[in-house]
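>>> Sequence below, structure please.
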Amino acid sequence: MGTSALLKAAGIGLGDEVIVPAYGNVEIAEAVVSVGGLPVFADIDPGTYCLESEAVTAAIGPCTAAIVAVRRFGGAAGLRRVHEVGSDKGLLVLVEDDETAPVPAGEIMQRQAQAAYLSARLRGVDAPVHNEGHTYGQYVVRVPGNGRPDRDAFARAVRAKGVRCSVPVKTPVHRLPEYRRDVELPETERAADETLALHIGGGLGRRDLQRMVSACNALGGLLVPAF
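Predicted coordinates for the structure are as follows:
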């Protein structure tokens, strides 16, 4: 059952506010609007990219009826606390997955092994924060430096060396014209400017991983933060 159907079945409707993340796909906000609700955006934890419990607490108001959290990139650290915050307030709490289809256990184990290899060797980027049960639907790193310009330049450079990568979230939902909100979400915006997904899984072998490490580490020293 989709998010909109779950919200509707729970009686969420016209005038109800639903707390959602802005870092991610627009489908969650669309689901809230489709039942007549109003999406309210809360900030994320910078290590997990999931909703942050204190930010959720601050976003709760008299019209809040539900929270929709998302397991981001295969990780869900901190969402138990978000669930507790919502339950304590008597709110509906849904936890969605950003992977659209079930992933075989063998694929997850392969991703986890590749992620462990990369995280132990990468020096030119900030590796993702590991947490128990992380499935690494995407291996998302942060490119240190001056935000989006350096991240985009870094992406072009590693692609030129044969490394597949993509920007996981190009524009936070609260900055899209149809959902624009005057809200402060510093961690969301920083993540959108700095994150890059290095493609793992599939048929990648040790040589592919070594190329990825070499490309990233060679570029890392070129990125100097602005003062």
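>>> Please enumerate the strands of the protein.
Along the chain, the stretches classed as strands by DSSP state E are 17-21, 38-42, 64-71, 92-97, 139-142, 165-166, 195-198.
>>> of those strands, which approaches Ala31 most closely?
Of all the strands of the chain, strand 64-71 sits nearest to Ala31, with 7.5 Å by CB to CB. The way it works is simple: take the backbone N, C-alpha and C, and place the C-beta from them, glycine included.
>>> weakest of the strands of the chain in terms of mean pLDDT?
Per-stretch mean pLDDT for those is lowest at strand 92-97 (a mean of 92).
>>> Residues touching that one, excluding its own?
The contact list for strand 92-97, computed with CB atoms under 8 Å, 6 or more residues apart in numbering, reads 3, 6-7, 10, 12, 28, 65-71, 76, 79, 82-83, 86-87.
>>> Give me the buried subset of these.
Using 16 or more other CB atoms under 10 Å as the burial test, the contacts of strand 92-97 include 3, 6-7, 12, 28, 65-71, 76, 79, 82-83, 86 as buried.
>>> ok, residues contacting the lengthiest helix in the chain?
The residue-count maximum for a helix in the chain (DSSP state H) belongs to helix 105-121. Contact with helix 105-121 is made by 74, 127-128, 130, 134-137, 139, 198, 200-201, 204, 206, 209, 212-213, 217, as judged by CB under 8 Å, 6+ apart.
>>> I figured Arg211 was touching Lys161, is that so?
Yes. Between Arg211 and Lys161 there is a contact under CB atoms under 8 Å: 6.9 Å.
>>> Among the contacts of helix 105-121, which are located in helices?
Short answer: the contacts of helix 105-121 in helices (DSSP H) are 206, 209, 212-213, 217.
>>> With respect to Ala191, which of those is nearest?
Proximity of these to Ala191 (CB to CB) peaks at Met212, which lies at 21.0 Å.
>>> what about the residue lying closest to Arg71 once chain neighbours are set aside, how many residues close to it?
Distance criterion CB to CB, 6 or more residues apart in numbering; nearest residue to Arg71, sequence neighbours excluded, is Asp97 at 4.9 Å. Neighbourhood size, Asp97 [other CB atoms under 10 Å]: 15.
>>> Relative to Val68, how far out is Val173?
Going from Val173 to Val68 by CB to CB, to the nearest Å gives 12 Å.
>>> So, low pLDDT: which residues of the protein?
The model of the chain has pLDDT under 70 over residues 1, 100, 220-227.
>>> Show me what stretch 190-204 is in contact with.
Stretch 190-204 is contacted by residues 23, 44, 46, 49, 73, 107, 110-111, 114-115, 118, 125, 136, 138-144, 147-148, 151, 154-155, 158, 163-172, 212, 216 when judged by CB under 8 Å, 6+ apart.
>>> ditto for stretch 135-150
49, 73-75, 98-99, 103, 108, 111-112, 114-115, 118, 122, 125-128, 151, 154-155, 168, 190-201, 216, 220, 223-226.
>>> how is this protein carved up into domains?
Structurally, the chain divides into domains by automatic domain parsing as follows: 3-97, 105-220.
>>> Just say which of those domains is most tucked in.
domain 3-97 (a mean of 19; mean count of other CB atoms under 10 Å).
>>> centre of the chain versus that domain, how much separation?
For domain 3-97, the separation from the chain centroid amounts to 14 Å (computed by CA atoms, centre = their mean, to the nearest Å).
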